[in-house]
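Engineer: How does the following fold in three dimensions:
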Amino acid sequence: MAGVTRRSVLAGAGLAVLATPERASAAIRADYDVVVVGAGAAGMTAALTAAKRGLRTVVIEKAPTYGGSAARSGAGIWIPNNSVIRAAGVPDTPEKAAAYMSAVVGATVPLARQQAFLKHGPAMLDFVMAHSPLRFRWMEGYSDYYPELPGGMPNGRSIEPDMLDGNLLGAELARLNPSYLPTPPGLVVFSADYKWLNLAAVNAKGFAVAAECVARGTAAALAGKKPLTMGQALAGGLRAGLLQAGVPVLLNTPLLDLHVENGVVKGVLTPQGLLRAARGVIVGSGGFEHNAPMRVQYQRQPTGWSVGAKENTGDGILAGQRLGAALDLMDDAWWGPAIPLPDQPYFCLAERTLPGGLMINQTGQRFVNEAAPYGDVVHVMYDKAMVPAWLIVDQNYRNRYLFKDVAPLLPFPQSWYDSGAVVKAPTIDALAAAIGVPPATLRATITRFSGFALTGRDRDFRRGDSVYDHYYTDPAVLPSSSLASLWLPPYYAFKIVPGDLGTKGGMRTDASARVLRADGSVIDGLFAAGNASAAVMGTSYTGAGATIGPAMTFGYVAATAV
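Structural biologist: Okay, the predicted model is just below:
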């Protein structure tokens, strides 16, 4: 940072007044047992764990809000064999979980790290529930992403936060990072509801779920509650736990560098001063999705359509690298097809899976199972040079299904068309001409796809063969809920680019979340969790919440090892 030197920072150590909402007028102590960098899911779980161990703990956060990318998310959490799913009757076992994770992740991640995640995840969740107001719900039916593999669960292992009353946060509610897609006013919506809300116009259960969301909102309002769900509930609940534990969260306090004494990390340098950490520093500062030079250096291009928190610029990763930390998986991310809308990228989840839509490349041909796990779809886009691609739908699709937050039959905002993110045309040939693909090829592609819909079998890319393919689909469509013909004009094309929820690469860590050098030696006093560390999922993705589940788990692990 220009104008800030190590000498000037150290000169202010010990008497710094940190300009944060929490302690705007008070001198902050400069000596702790543990300093946690980042107030996201990983960092706040780590801080809560350290505090409950009796360690003097502080959290620093670069942003003016807490919650990071977790607060923006749907907050699915993938932790096998946890007490929530066991209580719901899910027949998970440690053996099934280990077999499944081995099948998905393979040798890309050391077995010891995989085992540490599976061992400590359930204990972490029980700890969080014991020391915060957070409670969780099973996302019944949201299958693992590869349920046909050994140990896979067709009915799912993922959980999400139950509703949290924002009143518990007091003034801190105003400093919660906003959601990526805000819940409509007056509704209480869980992640698991979106599957049915997409179908509310054409499905009786979808209509009933929408009515239930309204009823929940009404009940909460009558009770004087400020209902939070999904990422807002997760981040808010962790922050409430830190309030109860007396852990300060210092906002507007970026990490400048790590402080080392005699070869051991003993604190962090911030613009306001040095914060000492007698036991160590836990870095949970997120990935580097909004650091353009790093993305150019490490990742395939084009890239950068991220919905991660805008403050995630790799600060913690770079600080660790300066101390010799090895980095892994820097070329990867938590990918997903995205539509580059003018305000922000839209992470396209259900829309590409619903029947009556297909994805094409620049030649007008399909190239992937559109309903495959979202990371896989983007890997194919890069591997086959399919950037940008296009999602094609017809008016029948638009008449039936919610698209982002636009209800069936309602027009899309004109800004979507003006930006080039969406194209509409009266015929397939006209649509092809507008997006620059050969009309005859596009016609043939749609005809072939519509033929597959009539038979219920996608012979080209096997869409619908996996249980996972049917999660965001329409059960009224037969013979396969994943496939429907395109026949009703006008036709729409949505530009598809490689989006992400955050980057996947970061500091190499061991089973205790200790940061490692390239030779395998430990950087004493330095720990990492979440997207500041290389993902325990390797280049794949086991199920919904495979980002947040490990982030929280290794935050917990780090705080028990520090």
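Engineer: and the lengthiest strand in the chain, what does it pack onto?
Structural biologist: For the chain, the longest strand by residue count, based on DSSP state E, is strand 491-503. When contacts are defined as 3 or more Cβ pairs under 8 Å, 6 or more residues apart in numbering; DSSP states H and E, strand 491-503 packs onto strand 305-306, strand 333-340, strand 345-347, helix 374-383, strand 389-394, helix 395-400, strand 422-425, helix 428-435. All C-beta spots, glycine's among them, are computed from the backbone N, C-alpha and C.
Engineer: Please name the nearest non-neighbouring residue to the most centrally placed residue in the chain.
Structural biologist: Nearest to the geometric centre of the chain sits residue 501, at 4.8 Å (Cα atoms, centre = their mean). Closest residue in space to residue 501, ignoring its immediate chain neighbours: residue 334 at 4.1 Å, by Cβ to Cβ, 6 or more residues apart in numbering.
Engineer: can you check residue 339 too?
Structural biologist: residue 346 (4.5 Å).
Engineer: on that earlier part again, how far does the longest strand of the chain sit from the chain's center?
Structural biologist: For strand 491-503, the separation from the chain centroid amounts to 15 Å (computed by Cα atoms, centre = their mean, to the nearest Å).
Engineer: ditto for stretch 480-500
Structural biologist: That offset, for stretch 480-500, works out to 24 Å (Cα atoms, centre = their mean).
Engineer: What residues of that stretch count as buried?
Structural biologist: 480-486, 491-500 (16 or more other Cβ atoms under 10 Å).
Engineer: Over to stretch 331-346?
Structural biologist: Quick answer for stretch 331-346 (16+ other Cβ under 10 Å): 332, 333, 334, 335, 336, 337, 338, 339, 340, 341, 345, 346.
Engineer: now, which of those sits nearest residue 162?
Structural biologist: Among these, residue 334 lies closest to residue 162 (Cβ to Cβ), at 24.3 Å.
Engineer: rewinding a little: ok, which of the helices and strands packed on strand 491-503 comes nearest residue 521?
Structural biologist: The nearest among those, by Cβ to Cβ, is strand 333-340 at 28.0 Å.
Engineer: Return the list of strands paired to that closest one, each annotated with direction.
Structural biologist: According to DSSP bridges, strand 333-340 has the following sheet partners: strand 345-347 (antiparallel), strand 491-503 (antiparallel).
Engineer: I'd like those laid out as a markdown table, including distance to residue 392 and mean pLDDT.
Structural biologist: What follows is these, written out as a markdown table (distance: least, Cβ to Cβ, whole Å; pLDDT from 0 to 100):
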| stretch | distance to residue 392 | mean pLDDT |
| --- | --- | --- |
| strand 345-347 | 17 | 96 |
| strand 491-503 | 5 | 98 |
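Engineer: If you average pLDDT per helix and strand, which one of this protein comes out bottom?
Structural biologist: helix 6-11 (a mean of 35; mean pLDDT, DSSP states H and E).
Engineer: how much space between the residue nearest to residue 473 when sequence neighbours are not counted and residue 252?
Structural biologist: For residue 473, ignoring the flanking residues on the chain, the nearest one in space by Cβ to Cβ, 6+ apart is residue 481 at 4.0 Å. According to Cβ to Cβ, to the nearest Å, residue 481 stands 48 Å off from residue 252.
Engineer: How about residue 366?
Structural biologist: For residue 366 relative to residue 252 (Cβ to Cβ), the value is 48 Å.
Engineer: Those two: which has the busier surroundings?
Structural biologist: residue 366 (21 against 18; other Cβ atoms under 10 Å).
Engineer: so who does that one touch?
Structural biologist: When the contact criterion is Cβ atoms under 8 Å, 6 or more residues apart in numbering, the partners of residue 366 are 358, 359, 360, 445, 449, 460, 461.
Engineer: Filter these down to the ones in helices?
Structural biologist: Mapping these onto helices (DSSP state H) picks out 445, 449.
Engineer: list the buried ones in stretch 246-260?
Structural biologist: Using 16+ other Cβ under 10 Å as the test for burial, stretch 246-260 gives 247-260.
Engineer: Show me those that map onto strands.
Structural biologist: 249, 250, 257, 258, 259, 260.
Engineer: Need the residues you listed in CSV (columns: pLDDT and distance to residue 197).
Structural biologist: Formatted as CSV, these follow (pLDDT from 0 to 100; distance: Cβ to Cβ, whole Å):
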residue, pLDDT, distance to residue 197
249, 98, 33
250, 97, 38
257, 97, 46
258, 98, 45
259, 97, 49
260, 97, 51
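Engineer: Kindly indicate which of those residues lies nearest residue 269.
Structural biologist: Looking across those and measuring by Cβ to Cβ, the closest to residue 269 is residue 257, at 4.5 Å.
Engineer: Surely that closest one and residue 322 touch.
Structural biologist: Yes - the criterion here is Cβ atoms under 8 Å, and residue 257 meets it with residue 322 at 7.1 Å.
Engineer: Which of the three states applies to residue 151?
Structural biologist: At residue 151 the chain is in coil, as set by DSSP: H, G, I helix; E, B strand; the rest coil.
Engineer: That one reaches residue 97, doesn't it?
Structural biologist: Yes - applying Cβ under 8 Å as the test, residue 151 and residue 97 come out as touching, 6.3 Å apart.
Engineer: Would you mind giving the contacts of residue 366 as a markdown table with pLDDT added?
Structural biologist: Output for the contacts of residue 366, formatted as a markdown table (pLDDT from 0 to 100):
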| residue | pLDDT |
| --- | --- |
| 358 | 98 |
| 359 | 98 |
| 360 | 98 |
| 445 | 98 |
| 449 | 98 |
| 460 | 98 |
| 461 | 98 |
